[in-house]
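A.B. asks: next input, structure requested:
(2 chains)
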Amino acid sequence: MAETNHARRFVTIWLVCSLVALPLVIFVLGPILPPGKASAEASGQVTDNTVLLAMATPVLLLVVIYLFYAIIAFRQPKGGVLEGPAVRGDARLQTAWIVITSVLVLSLAAYGTIRLEQGYGAGSGNGPTPLVVPKGPKLQVQVIAQQWAFTYRYPSYGGVETTHLELPVGQTVELHVTSIDVIHSFWAYQLGIKADANPGVDNIIFVKPTTEETFEIHCAELCGVWHGYMYDHGHVVSQGAFETWIHQQQAYFAPATKVLPPYAKTYTPEPTRRAE
Amino acid sequence: MSTTAAAAPTPQPVGRPLWRRLVGFNLLTAVLLGIGGYYLGWFIGHQIDGKSFEFREKIDENDVALLLAYIFGVFGFLIGLGFANYPVSRLLGRPPSLREKEEQGIGRYFGLCTDHKVVGIQYLVGIGLFFFIGGLNAMLIRTELLKSSPTFVGPNQYLSLVGMHGTMMMGMMTSGILGPFANYFVPIMIGARRMAFPRIEALTFWLLMAAGFILTSTLFFGGFPTGWTGYAPLNDQAVMGMDSYIVFFALVGISMCLLGLNMMATIITMRAPGLTWSRLPIFVWSVFATSILMVLAAPMLIATLSMAALDRTINTSFFVAGGGGSSYLFENLFWFFGHPEVYILALPGFGIVLELLPVFTRKPLWGYRLAVSGMLGVSLLSFFVWQHHLFVSGINADLRPFYMLSTEIISIPTGFIFMCVMGTLWKARTSFSVPMLFCLGWTFNFLIGGLSGVFLSDTPSDTTTHGSFFVMAHFHYTIMGGLIFTFFAAIYYWIPKMVGLKFNERLAKIHFWGMFISFNSTFLPLFVLGMEGMPRRVSFYEPKLHTLNVWVSISAFVLGLSMLVFLVNVVYSLIFAKRKAEANPWRSKSLEWQVPTPVPINNFEQIPIFDSDPYDYGVPPLTVGGSAAAPAGV
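C.D. replies: Residues are numbered from 1 along each chain as shown, chains lettered A, B, ... in the order given. Model (predicted):
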């Protein structure tokens, strides 16, 4: 029976390839996946990316191996005019496909939802009233985006506004992202956090840095001509070093802090407009 | 326009003197009236005065004038082409005529023509032109990214290029398959002699051409810095070039909406006897599903852009936070259009692949009903996923699980299409002609595009990939790998019917392999770049990403070269070699291959009667060669 042969041979090839590929994906590729382990949020994403990749790999292999198999096995001989079998479908196979893909997709959505409820979505813009708030004391930092720089206000340190971001290691940080002109997006790549900065909106994210290191800060939403230059480095430092740094900043920016508007969740200055 | 000039044109005898042919409603008149209308609008805009327009003097820019100029220009252009003639003559009580300008000769391609076959070819050439302009922008973008800081065009021009590339492709290519191929082949496939609304059909094409010209003109007004998404409030502070974007996309929206309406009306009302819904060619189904999206989504775009234009000109505050508006409103409205929009681009591709596979595998389409429900499912679900573009924006954070679910569910109907492709390939007798190669290319590309979408639909994982090059790679895989590959499949498959000439097969194969390999070599590394932390739309990036960017740029240039191979093939095969194509080179059983080439003006002597779908391939063996018995009626 040539028929069973093809099906069985294909399934065997696919199973073998998947069984070889899956451990490679999970144990070799998984640990080196971005964005790294610099914070609890980033590590969570590495786990998520590994799970998603592990689910996608067999599907990818299924279709790709199928394509190659079909291209190699089922050819029209050169110049031939042979017809294939007039099969218009297979109810059992179609049902199985619908059921399997639905189960896969729904379990993906369930997985994502559970992770979100567990707080792994804490690093992506939660809006003004986050659904899941990490327990324990939190250091509040406000990220103010404008064309074309980020500045940072520390309300618990007299509302000082700094031009660089430093965070203490091992401390949960509550970042309030807002903008005073157009839409920006605050992206600290190694920390695995991203939140749009909207004018008049207080967009909250949480992050708990776990290692002392330097991280990149990008603007991830097109905000005008120098969008690409909204780029900086932030530092995760030890608790002691952070205290030293923030007191230096307080002293250095003291004259400026006096004339700053009082700390608020959002600032909506008179917008710069064309038609005025 | 005087009323005498509005008399309904009668078919003109060929061979009149040149000067006589230049006077009347044609492209020349249209251009002249378009320019006239433009300056009239410009003049009026500068005459309007008032307190709120004092800003003009300060910045030496006048949005009101430019918007009016564009709008009046478009009206002048359309009147010059003769679109007002019919309504005016009906208002004057003249008898209705069904169609106009259907004389033979090359002239009908350069004006208002209601023959759906002419409109199809007009679309193909017109859209092809703007596709190459958009592609050229991409080449310039990649040239800039050869260096990690802007050296070639500078950040301002760079943003204009990015915006123009994105807008050109997302705007013009919405009709990339529906314009040329659905207009040409849907009436033939369903056994009709024309589209339901032939004048509207012509209107959609000329609106699109006017729109493309307007978008290109943004270069003279400083370009626009917002990319194709045009987010407020950035669009509120942009220079006059932004108005070109607004008018362009609004015109595209109108064109899209009318095209969809026309297609739906045609498919619903004009099917020949016996062509039940379950016998409809799958390509026609995909056109139908796309039309639903076009009709429902495009009005949203037009409304959104009108609001943006009002914000820019008369100081309304729809999208300005300081004035009581919200930037979220623009994002919501835009993506409520924008997400169906990407399926408007993808769905016709599904149709092409499923339509072509049976021909080249010599098997019936496997799982016809599954394919239809897949397409309708995609088009329905695509209205419920738009906020996945706003996962990190902070809006409705508690609704993220819902949008995650709906986004992931949409991969179930998309999976139906893959099942049908795989089922059709099983035990087939596949011959690897060029259209088939492009279909197989689609299968691979769209698979990568779809699977990478999983990482974007999952909220925690999206945190990193959002707004990065990962997204960029993802949608290039679905749109370029999906739409453009099938666009070329359709060109290679149907050109022998449309113009009666054959492509050079060797050049076509070079085109395919060059395009397929360089496409993957361009966009696969972009996934890595995005994961490594490169945001979209920047001309300034970290040095550690330089090597990979150079690799991508070089691949992109090869991709551009492969397009040149295609152009060479077009010029060589269709202008110089002119080898006649066989009547039915692919031995297709679809109805469009059974009518003579060139297709007669009324398509059929007699309206055909259908007794099956067009996928009657496979054993029991049938007569082969060009003379295959017509499966679809007489």
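A.B. asks: what does the stretch 201-350 of chain B put close to chain A?
C.D. replies: B:225-227, B:229, B:231, B:233-234, B:236-237, B:311-315, B:320-323, B:326-328, B:331 (Cβ under 8 Å from any Cβ of the partner chain). Using the backbone N, CA and C atoms, a C-beta is placed for each residue, glycine as well.
A.B. asks: can you do 7 Å?
C.D. replies: Counting by Cβ under 7 Å from any Cβ of the partner chain, the stretch 201-350 of chain B comes close to chain A at B:225-227, B:231, B:233-234, B:236-237, B:312-315, B:320-323, B:327-328.
A.B. asks: next step: the residues you listed restricted to helices.
C.D. replies: Among those, the members found in helices (DSSP state H) are B:234, B:236-237, B:312-313, B:327-328.
A.B. asks: from those, which single one is nearest residue B:26?
C.D. replies: The shortest approach to residue B:26 among these belongs to residue B:313, at 33.9 Å (Cβ to Cβ).
A.B. asks: that closest one: neighbouring residues, count only.
C.D. replies: Counted with other Cβ atoms under 10 Å in any protein chain shown, the neighbours of residue B:313 add up to 24.
A.B. asks: I figured it hits residue B:63, correct?
C.D. replies: Yes - the criterion here is Cβ atoms under 7 Å, and residue B:313 meets it with residue B:63 at 4.9 Å.
A.B. asks: can you list the low-confidence ranges for the stretch 501-634 of chain B?
C.D. replies: Residue ranges of the stretch 501-634 of chain B with pLDDT under 70: B:620-634.
A.B. asks: show me which residues of it are close to chain A?
C.D. replies: B:531-533, B:535, B:537-540, B:617-619, B:621, B:624.
A.B. asks: mind giving me the ChimeraX select for those residues, buried ones only?
C.D. replies: The buried residues among these can be selected in ChimeraX (16 or more other Cβ atoms under 10 Å in any protein chain shown) with this line:
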select /B:531,532,533,535,537,538,539,540,617,618
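A.B. asks: what about residue B:105, neighbour count?
C.D. replies: Applying other Cβ under 10 Å, we find 9 residues neighbouring residue B:105.
A.B. asks: actually residue B:28, sorry about that
C.D. replies: Burial of residue B:28 is recorded as 15 neighbouring residues (other Cβ under 10 Å).
A.B. asks: do the same with the one 5 residues further on
C.D. replies: Per other Cβ under 10 Å, the neighbour tally for residue B:33 reads 22.
A.B. asks: the one 10 residues further on too?
C.D. replies: By other Cβ under 10 Å, the residues close to residue B:43 number 13.
A.B. asks: doesn't it fall inside a helix?
C.D. replies: Yes - counting by DSSP: H, G, I helix; E, B strand; the rest coil, residue B:43 is part of a helix.
A.B. asks: ok, it to residue A:123 distance?
C.D. replies: 55 Å (Cβ to Cβ, to the nearest Å).
A.B. asks: for residue A:33, which non-adjacent residue is closest in space?
C.D. replies: Excluding its sequence neighbours, the residue lying closest to residue A:33 (Cβ to Cβ, 6 or more residues apart in numbering or on different chains) is residue A:49, at 4.7 Å.
A.B. asks: contact partners for that neighbour?
C.D. replies: Residue A:49 makes contact with A:33, B:455, B:461, according to Cβ atoms under 7 Å, 6 or more residues apart in numbering or on different chains.
A.B. asks: in CSV: these, plus distance to residue B:424.
C.D. replies: Shown next, in CSV, are the contacts of residue A:49 (distance: Cβ to Cβ, whole Å):
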residue, distance to residue B:424
A:33, 36
B:455, 29
B:461, 33
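A.B. asks: quick one: find the helix or strand in chain A with the lowest mean pLDDT.
C.D. replies: Every helix and strand of chain A was ranked by mean pLDDT, DSSP states H and E. The lowest is helix A:2-23, at a mean of 88.
A.B. asks: so which bits of the helix or strand immediately after that one in the chain are buried?
C.D. replies: As assigned by DSSP states H and E, the chain's next helix or strand after helix A:2-23 is helix A:40-73. Under the neighbour-count criterion of 16+ other Cβ under 10 Å, helix A:40-73 has A:40-46, A:48-67, A:69-70, A:73 buried.
A.B. asks: what's the answer for stretch B:255-267, then?
C.D. replies: Buried-residue list, stretch B:255-267, by 16+ other Cβ under 10 Å: B:255-264, B:266-267.
A.B. asks: inside strands: which ones of these?
C.D. replies: In strands, judged by DSSP state E, none of the buried residues of stretch B:255-267 are found.
A.B. asks: contact partners of stretch A:120-139?
C.D. replies: Contacts for stretch A:120-139 (Cβ under 7 Å, 6+ apart): A:41, A:44, A:48, A:117, A:119, A:156, A:168, A:171-174, A:177, A:192-196, A:201-207, B:391-395, B:397-398, B:400, B:459-460, B:462-463.
A.B. asks: tell me which stretches of the stretch 151-276 of chain A form strands.
C.D. replies: Assigned by DSSP state E, counting those that start in this stretch, the stretch 151-276 of chain A shows strands spanning A:160-162, A:166-168, A:173-179, A:184-188, A:193-197, A:203-207, A:214-219, A:231-237.
A.B. asks: so what's the gap between the second one and the chain middle?
C.D. replies: Spelled out, that is strand A:166-168. 21 Å (Cα atoms, centre = their mean, to the nearest Å).
A.B. asks: would you turn the contacts of residue A:49 into CSV with distance to residue B:289 and pLDDT?
C.D. replies: Listed next are the contacts of residue A:49 as CSV, based on distance: Cβ to Cβ, whole Å; pLDDT from 0 to 100:
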residue, distance to residue B:289, pLDDT
A:33, 36, 89
B:455, 26, 92
B:461, 29, 90
